[in-house]
Structure formats: structure tokens, C-alpha cells
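Participant: Sequence and predicted model, in that order:
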Amino acid sequence: MKLVIIFGPQAVGKMTVGQELAKITDLKLFHNHMTIDLVSPFFSYGTPVGKRLVRLFRQHIFEEVANSDMAGLIFTYTWAFNQQSDWDYIDSVRQIFESKGAAVIFVELESTLEARLERNKSPNRLEHKPTKRNVERSERDLLNSAENKRQNSREGELAAEFYIRIDNTHIAPGQVAATIKAAFAL
């Protein structure tokens, strides 16, 4: 089994690359907004109860997948490298899968802010992420996060056996997915 964690800033293309990777592998996509958008009609993700419920749903899904005979999972995440809680969270997810013998693969995407602002309005993003449909609010959140959270790692900061960093500013999602598949024999 494999867990592929695709991470990077908001609107960098994590879900879209994950969709393309799921098409060419036996891995299932679990993008981060699947739980956020499930909980948000009841509790905002920004509230303690909203965050707790999102974590709870994810935790149970991770555990069930890790205990299954599935080929693996693609999970997308916006990792704030300047927040220890995000490091701890990713480590807890990694441990769930590694404890069952799974390989954990880290795929970091980076892109220019201009490209991300454009992608923030893409039909695919808006279709699959209801909480992003207020584009003005979503763009403000993206810009605020870009200013206050470090969403890409520093050179050598992430010491992982299976890791790749891809600047996908000018690379189509299908090509990025093919690169990931080839790099890790998925």
C-alpha cells in the first residue's frame, strides 16, 4: 500500500493533480476539501468543532484505508511549515500508514502566486470545492495565507525517503501526475 501526500499552497493544483494521478494508478483520491465541505454546512472549518470533526472523519478514513487491501490513497493538504501543529498532523497521518507497512510518498507542488490566483477561479476547483465558490473571499484567504503561512518547504527541510518537489506553474496536471507515477513506480 502507498499513501501519496500531495501538498503545497492553496490553488497550486493539488486536487487536480490528484485527480489525474488517480486516473493512471489504482490509488483513490481523498482531497482535503472532501471533509471540509462535508462539515461546513453544519460548522465552519474555522471553528474548534469544525476542525475537530474534519480531523475525526479523516482519521477514521485513514485508519480504514490503512487496514484495507486497497492499493493506497492520494491525500491533499495545505501544510503550513511555520506551524508545528501541521508537522505533527502530517506525522500522525504518516504513522497510521507506516505502522501497516505502507510507503508514504511526499509530493510538493509549487507555483507562482499569479498562477494560483488564476487557478483559484478554475471551473474544476469551483465544482469540487463548494466553500471556494465565493471567489472574492477565497482569493482574500489565499492572499492572507500567502502572507502569513509558509506553504512550501525550504531546501532540505523535509527529510523523507520518498519525496519530490515539482514547480507546476507551466506544467499540465496530467504531465505532473505522469512524473509522479514514474518517479515512484505507482
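Facilitator: Cool, got the structure. Because the structure is a prediction, the values reported are computed rather than measured.

Participant: list the helices and strands the longest strand seen in the chain packs on?
Facilitator: Using DSSP state E, we find that the single longest strand of the chain is strand 103-110. In terms of contacts (3 or more CB pairs under 8 Å, 6 or more residues apart in numbering; DSSP states H and E), strand 103-110 is packed against strand 2-7, helix 14-24, helix 84-98, strand 163-167, helix 173-184. For glycine as for every other residue, the C-beta is placed from the backbone atoms N, C-alpha and C.

Participant: With mean pLDDT and mean neighbour count added, can I get these in CSV?
Facilitator: Shown next, in CSV, are those (pLDDT from 0 to 100; neighbours: other CB atoms under 10 Å):
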stretch, mean pLDDT, mean neighbour count
strand 2-7, 98, 24
helix 14-24, 98, 22
helix 84-98, 97, 15
strand 163-167, 97, 16
helix 173-184, 98, 17
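
Participant: what about the longest helix in this structure?
Facilitator: What stands out as the longest helix in the chain, according to DSSP state H, is helix 48-66.

Participant: Tell me the confidence at Ser44?
Facilitator: Looking at Ser44, its pLDDT is 88.

Participant: Secondary structure class of it, three-state.
Facilitator: Of the three states, Ser44 takes coil under DSSP: H, G, I helix; E, B strand; the rest coil.

Participant: Could you verify my assumption that it touches Gly50?
Facilitator: Yes. Counting by CB atoms under 8 Å, Ser44 does reach Gly50; the two are 5.1 Å apart.

Participant: more crowded one of those two?
Facilitator: Gly50 (16 against 13; other CB atoms under 10 Å).

Participant: and the gap between that one and Val39?
Facilitator: Using CB to CB, to the nearest Å, one obtains 5 Å as the distance from Gly50 to Val39.

Participant: who's in contact with stretch 104-120?
Facilitator: Contacts to stretch 104-120, defined as CB atoms under 8 Å, 6 or more residues apart in numbering, come from residues 2-14, 16-17, 94, 97-98, 125, 132, 135, 138-139, 142, 146, 152-153, 158, 160, 162-169, 176, 180, 184.

Participant: For stretch 2-9, which outside residues touch it?
Facilitator: Contacts for stretch 2-9 (CB under 8 Å, 6+ apart): 14, 17-18, 21, 27, 66, 71-79, 90, 93-94, 97, 102-111, 116, 142, 145-146, 151-152, 180, 184, 186.
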